[in-house]
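Undergrad: Okay, predicted coordinates and the sequence, questions at the end:
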Amino acid sequence: TTNTMPARNIILVGFMGSGKSTIGRELGKLLSYPLIDTDSKIEELEKLSVADIFSLRGESYFRNCETQAVDQLISDGVTHHIIATGGGLPIKEQNRPLLRELGYVVWLDANTDTLLERTSRNSKRPLLQTGNPRETIEKMLNQRNAIYREVSHLRLQTSGLNIAETAHGILESA
Ligand code: S3P
């Protein structure tokens, strides 16, 4: 029989509020894999919150931090981890093959209502601070869905699924 444990890492991509951190923690527990969160990694390195990095240094500085974080994961040869990424990390084209090289890339997809509900529970996301949040989310999804589709090995629709169902959905196909 084959070993159903994912050989390398599981990488979670998707929009803000798609559940990457929450599902990452759950998968980490189920597989006994440690969780790496790229936003947290960057916050530790920069000694600033993501919101402060955006306001003090700008978005493109943050995007460079994300690329450095991915490069670091590759050069560290990280395996048997869950990696939760920031929602915009796959925007940079050069990051996409690196994410796929790191392991099994799962797109946590969700509809606008779900994303709106989940992102409205906390307000620390700089990109959702201005304008009408529903319109902002829809506009960003229009730009990003093709990117998430391209980078991922698996797309999982999570609207209506609870945490356990989502985690098991990933493990069944990993
Ligand atoms: C961003 C998503 C955030 C964080 C930053 C930018 C984005 O991460 O990296 O605010 O561009 O989608 P989460 O997806 O964990 O909220």
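TA: Great, that's in hand.

Undergrad: Please report phi then psi for residue 10.
TA: Dihedral pair for residue 10: phi -110, psi 120, per degrees, to the nearest 10.

Undergrad: Isn't it up against residue 80?
TA: No. Counting by Cβ atoms under 8 Å, residue 10 stays clear of residue 80, with 9.4 Å between them. Any C-beta I mention is one placed from the backbone N, CA and C, and that applies to glycine too.

Undergrad: between the two, what contacts are shared?
TA: Residues touching both residue 10 and residue 80 (Cβ atoms under 8 Å, 6 or more residues apart in numbering): 31, 33.

Undergrad: Got phi/psi on residue 108?
TA: Taking degrees, to the nearest 10, you get phi -80, psi 100 for the backbone angles of residue 108.

Undergrad: For it, give the beta-bridge partners.
TA: Residue 108 has the following beta-bridge partners by DSSP bridges: residue 156.

Undergrad: of residue 10 and residue 80, who's got more company?
TA: More crowded of residue 10 and residue 80, by other Cβ atoms under 10 Å: residue 10, with 27 against 15.
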